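Trainee: Sharing a model that was predicted from the sequence below.
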Amino acid sequence: MFSNIKDMSPEISIITPVFESELFIKSTIKSVQTQTYQNWELIIIDDASTDGSAKIVESFAVRDERIKLIKLDSNKGPAAARNRGIKEASGRYIAFLDSDDLWHEEKLYKQLKFMKKNHYAFTYTGFEKINEEGKVIGAIIPYKEEVCYYDLLKSNHIGCLTAMIDLKILGHKMYIPNIKKRQDQGLWLEILKNNDNAFCLNEILGKYRIRN
């Protein structure tokens, strides 16, 4: 199934923090495995879950060498977990996908093509909202084709599950600030302080799960 990419270095590193997500992590991983674009690595950081999340991830990792599980020895929170994934990432591009969210199968292919064609360092897309059962309960298509630092100070226009950054253009890895809320928005602001705007691929390419 994956023989055509076996010896290739991953172009995209996907960062997925996990905490108590045994009900959803299997679907999340499968939404990555079924991508039409296949040259990726999926770095899953288990933030000291007490449920069966880590065992489920391990069952996938033994069958797909692109999936890497990192276990933290204590619960450190989503910012620290994502930062550990960023540190371990080997791809030129970094994308984020939380452990209960999903991607449409052409998400990586379309977004990577959009970035390469336009030489963009930072992009995002639209997404749907789903409930715990996976039923669509709404859609968010960003009304701004691009956002700057000052736009993000007013509101976070970028869904974490849709963001992708090009480390080659940025010049170095950047990490998420360890703050209580809106850690992803903190990273977007750091990126846009000294870089061009973030640009929107105006399609719904992800599903953001609203949990009770």
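Mentor: Arrived safely, thanks for sending. Remember, predicted model here, so these are calculated numbers, not experimental data.

Trainee: All the helices of this structure, residue numbers only.
Mentor: For the chain, applying DSSP state H gives helices covering 25-33, 53-61, 78-88, 107-118, 149-154, 167-170, 183-193.

Trainee: any chance of these in CSV, plus mean pLDDT and distance to Ser99?
Mentor: Every C-beta, even on glycine, is put in place using the N, C-alpha and C of the backbone. CSV is the format used below for the helices of the chain (pLDDT from 0 to 100; distance: least, C-beta to C-beta, whole Å):
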stretch, mean pLDDT, distance to Ser99
helix 25-33, 98, 5
helix 53-61, 98, 7
helix 78-88, 95, 10
helix 107-118, 98, 16
helix 149-154, 94, 25
helix 167-170, 96, 23
helix 183-193, 94, 14
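
Trainee: Tell me which of those helices sits nearest to Leu205.
Mentor: Ranking the helices of the chain by their distance to Leu205 (criterion: C-beta to C-beta) puts helix 107-118 first, at 4.1 Å.

Trainee: Direction included, what does the longest strand along the chain pair against?
Mentor: Ranked by residue count under DSSP state E, the longest strand found in the chain is strand 198-209. When pairing is defined by DSSP bridges, strand 198-209 lines up against strand 102-103 (antiparallel), strand 122-130 (parallel), strand 146-147 (antiparallel).

Trainee: For Leu112, find the nearest of those.
Mentor: Within those, the stretch nearest Leu112 is strand 122-130; the backing value is 9.3 Å (C-beta to C-beta).

Trainee: Of all the helices of the chain, which one comes closest to Cys200?
Mentor: helix 107-118 (9.3 Å).

Trainee: can you pull the buried residues of the closest one?
Mentor: Going by neighbour count (16 or more other C-beta atoms under 10 Å), the buried part of helix 107-118 is 107-108, 110-112, 114-115.

Trainee: how far is it from where the chain is centred?
Mentor: Offset of helix 107-118 from its chain centre (C-alpha atoms, centre = their mean, to the nearest Å): 15 Å.

Trainee: on contacts alone, who are the packing partners of it?
Mentor: Here helix 107-118 touches strand 93-96, strand 122-130, strand 164-166, strand 198-209, going by 3 or more C-beta pairs under 8 Å, 6 or more residues apart in numbering; DSSP states H and E.

Trainee: Neighbouring strands of the helix or strand of the chain with the lowest mean pLDDT in the sheet, and parallel or not?
Mentor: Least confident helix or strand, the chain: strand 136-140 with a mean of 89, by mean pLDDT, DSSP states H and E. With DSSP bridges as the test, strand 136-140 is paired with strand 122-130 (antiparallel).

Trainee: per-residue pLDDT, the residue nearest in space to the middle of the chain?
Mentor: By C-alpha atoms, centre = their mean, the chain has its centre lying nearest to Phe96, at 1.1 Å. Looking at Phe96, its pLDDT is 98.

Trainee: Okay then, goodbye and thanks.
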